[in-house]
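Sharing a model that was predicted from the sequence below.
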Amino acid sequence: MTKHIRIAIAGPRGNMGTEAVKLTDRTEHFELCAVIDSKNNGSRLKDIAGMPAVDVPVYTDINQCFQENTIDVLIDLTNPETGRKHLEASLAHGVSPVVGTTGFTEADIEKLSREAEQKQIGVVIAPNFAIGAVLMMKFAKMAAAYMPDVEIMEMHHDRKLDAPSGTAIKTAELIKENRASRRQGHENETESLAGARGADIDGMKIHSVRLPGLVAHQQVMFGGAGQTLTIKHDSINRESFMPGVQLAVEHVVEHKELVYGLENIM
């Protein structure tokens, strides 16, 4: 029998948050109990212009939300600063967070992992919820063992705050596991314009593009003798992330540790 899961969503008015509200509304074993928003405290979600007709309370204070409602999982789709605060509040209240924001450092992950283990609370932090993007990262890691010269190009909408994207950084981290550290390009290479060659992780270059009309796109290009290999993924709309969100929610209530990256539960 599928477990019934009571959910709160932080950031319901954002593009991702709105899709998450729709996900909880159409998924039979999900129950949306409340939302956390930066405004509209005391309102009902259905009364906010542009929102789905879902009759749940709106809170600006996440602690009040947890005190007044029984919540199993918080889906946080806000921003790095707010997401970190919401994650800590979730752990304090015994709520399992599924966090889709980036910006967590290795030290953050280690600290949060210890806390989740001590409290026996499941946590999922995912730089990208698109199943195809996770497969792209897995394939890139495999390819790096045979073609170590690689550059990453990530392209997102012009409202995205961080660069490079969490997905690009996560891709580089996975590639590092299968690739010896090395400097790429000509040994005497120079930049006539600073930053022309992109950011550098372990000798790999990452390039970020921000333009209106884009959603989330990444390609990983490998170069070898007489050949190139390009592994590419495109998210055409935010609905593409919802199967991964559902997978994370269903996982997090069954486990008692922190998972960083959707690839670890696929």
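That came through fine. Numbering: from 1, shown residues only.

Regarding the residue nearest to P97 when sequence neighbours are not counted, which helix or strand does it belong to?
Computed as C-beta to C-beta, 6 or more residues apart in numbering, the closest residue to P97 that is not its neighbour in sequence is S90, at 4.0 Å. All C-beta atoms are positioned from the backbone trio N, CA, C, and that covers glycine. Taking DSSP states H and E as the criterion, the element that holds S90 is helix 80-93.

Give me the buried positions along that helix.
80, 82-84, 86-87, 89-91 (16 or more other C-beta atoms under 10 Å).

Check which helices and strands that helix sits against.
Under the contact definition 3 or more C-beta pairs under 8 Å, 6 or more residues apart in numbering; DSSP states H and E, helix 80-93 sits against strand 5-10, helix 62-68, strand 73-76, strand 96-99, helix 106-119, strand 123-125.

and these as a markdown table, adding mean pLDDT, distance to L262 and mean neighbour count?
Listed next are the helices and strands packed on helix 80-93 as a markdown table, based on pLDDT from 0 to 100; distance: least, C-beta to C-beta, whole Å; neighbours: other C-beta atoms under 10 Å:
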| stretch | mean pLDDT | distance to L262 | mean neighbour count |
| --- | --- | --- | --- |
| strand 5-10 | 97 | 18 | 25 |
| helix 62-68 | 97 | 24 | 17 |
| strand 73-76 | 97 | 14 | 27 |
| strand 96-99 | 96 | 10 | 27 |
| helix 106-119 | 90 | 15 | 14 |
| strand 123-125 | 95 | 8 | 26 |
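
wait, which of those is closest to D55?
Evaluated with C-beta to C-beta, the helices and strands packed on helix 80-93 place strand 5-10 nearest to D55, the distance being 14.2 Å.

Parallel or antiparallel, which strands does that closest one pair with?
Based on DSSP bridges, the strands next to strand 5-10 in the sheet, each with its direction, are strand 30-36 (parallel), strand 73-76 (parallel).

between that strand and helix 80-93, how big is the angle?
For strand 5-10 and helix 80-93, the angle between their directions (axes from the mean of the first three to the mean of the last three C-alpha atoms, to 10 degrees) works out to 150 degrees.

now for stretch 199-206, what's the gap between its first and last residues?
Stretch 199-206 stretches 5 Å from its first residue to its last (C-alpha to C-alpha, to the nearest Å).

Please parse the chain into its domains.
Per the record's domain assignment (automatic domain parsing), the chain is made up of the domains 5-128+239-264, 131-236.

Over to the shortest one now: how far is its first residue from its last?
Across its full length, domain 131-236 reaches 13 Å end to end, with C-alpha to C-alpha as the criterion.

Next: the first one.
The first and final residues of domain 5-128+239-264 sit 21 Å from each other (C-alpha to C-alpha).

Run the chain-centre distance for it.
Offset of domain 5-128+239-264 from its chain centre (C-alpha atoms, centre = their mean, to the nearest Å): 12 Å.

i'd like the first residue to be 72 from this point on
With the count now opening at 72, the last piece we talked about shows up as domain 76-199+310-335.

still on that earlier bit, could you dump the helices and strands packed on helix 151-164 to TSV with distance to V320?
Rendered in TSV, the data for the helices and strands packed on helix 151-164 read as follows (distance: least, C-beta to C-beta, whole Å):
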stretch	distance to V320
strand 76-81	6
helix 133-139	17
strand 144-147	5
strand 167-170	6
helix 177-190	16
strand 194-196	8
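
For E225, find the nearest of these.
Taking C-beta to C-beta, strand 194-196 is the member of the helices and strands packed on helix 151-164 nearest to E225, at 18.5 Å.
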